[in-house]
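>>> What follows is a predicted protein model with its sequence.
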Amino acid sequence: MSKEIESAKLLKKQHNERRNFEALPEHLNPVDDNEAYAIQDCLFDLRKVEYGDVAGYKVALTSEVMQTMLSYPSPFSGPLHEKLIYQNPKTLHSSEYGRLCIECELAAVVGSDIKFRDTPYSAQEIESYVSTIAPALEIVDDRNADYQSITELVRTLIADNAWNAGVVVGNLTTNWRDIDIRNMCGTVSICGIETGVGFGRDVLGDPMNALAWLANSITSRGKTIEEGMIIMTGTMIKTQFVGPGDILEFNIPELGSVTAKID
C-alpha cells in the first residue's frame, strides 16, 4: 500500500470516529505540497462513494494575515463533493461534525472549461470564464484542531481536504459584471446579532485573483475545472464558530443572503 493511500485511509478513519485533528504518524506525514495534494486526492476518492464526485473546488488561506499566521506563503485548495453542495437555506446537524465552523464567501460558477495552458491565467482573463456568482457559506469541520500548533500541520490540513465539509449556495446572479465585487460589503449575523463584516477585496484583493490562482494551481496538476463547477473563492470574514440553536445569515446587498440553521 502506498504512503498516500495509507495516509488517506487513516484520515477517513479519523473522520468516521469523530477524532480530533492531529498530526499523522511520522511515516505518513506529507513532506511537501505534492504529497499533501496526492493524499488529498486519495482521501477524496475514498469518500466519493458516499459523497459524490468532484463538483468544484475551494480556495483557502486567501488573506496575507492568515498566510503569515500559518507560515504558509500562498493559498491552498480542496475539491468539493457534489452531494455536499446544498441549496439555501440549509439545516446542519452539529452531531455530524467534529467542530462546525462557517466561512462567508463568494461562489463562482464556471461557464466553460478551464484547461491547462503554458501561460498563467490572469484575474482579468478568468472573469470571462465565470457565468454566475452567489453568496455562499463554506461548511468547515476543523475537528477541534489546536490552533497553537496548526503552523506545523498545514500540509496535513491540505491532505485532509482543506477541512471542507460542504457548501451552501445562495441565489445565482448573472449580471454580476455590473457589480463592483471588490468593494461590495458582506455582513454575517448569528441569531440576528451582527458578528462580522468584510469586503470582496479582503479575498486576495479581488475574488477573481483567488479564482485565477485556483485555475493555475488546479490545471498545473493535470486537472480541468469543468463547465458548471462551483468555485468557493475564500472567506471575506473571519471564521464563525457555531453550535446548536444558532441561525447564521450571510448577506451581500447586491446578491442577497444565504442561511444555515444549526441543530
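Nice, thanks for sending it over.
>>> which stretches of the stretch 151-263 of the chain form strands?
Applying DSSP state E, counting those that start in this stretch to the stretch 151-263 of the chain gives strands spanning 164-169, 185-190, 193-199, 230-235, 240-241, 247-252, 256-262.
>>> May I have the distance across stretch 175-186, first residue to last?
With CA to CA, to the nearest Å applied, stretch 175-186 spans 18 Å between its terminal residues.
>>> tell me which residues in it are buried?
176, 179, 181, 184, 186 (16 or more other CB atoms under 10 Å). All C-beta spots, glycine's among them, are computed from the backbone N, C-alpha and C.
>>> picking that back up, just send the strands of the stretch 151-263 of the chain back as CSV, with distance to residue 145 and mean pLDDT too.
Listed next are the strands of the stretch 151-263 of the chain as CSV, based on distance: least, CB to CB, whole Å; pLDDT from 0 to 100:
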stretch, distance to residue 145, mean pLDDT
strand 164-169, 13, 98
strand 185-190, 21, 98
strand 193-199, 20, 96
strand 230-235, 16, 96
strand 240-241, 12, 95
strand 247-252, 20, 98
strand 256-262, 19, 98
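>>> Of those, which is nearest residue 102?
strand 240-241 (4.6 Å; CB to CB).
>>> in this structure, which helix or strand is least confident?
helix 64-70 (a mean of 68; mean pLDDT, DSSP states H and E).
>>> contacting residues for the residue nearest to residue 18 when sequence neighbours are not counted?
Computed as CB to CB, 6 or more residues apart in numbering, the closest residue to residue 18 that is not its neighbour in sequence is residue 98, at 5.5 Å. By CB atoms under 8 Å, 6 or more residues apart in numbering, residue 98 lies in contact with 15, 18, 19, 20, 21, 141, 142, 143, 144.
>>> Any regions of this structure where pLDDT drops low?
65-66, 69 (pLDDT under 70).
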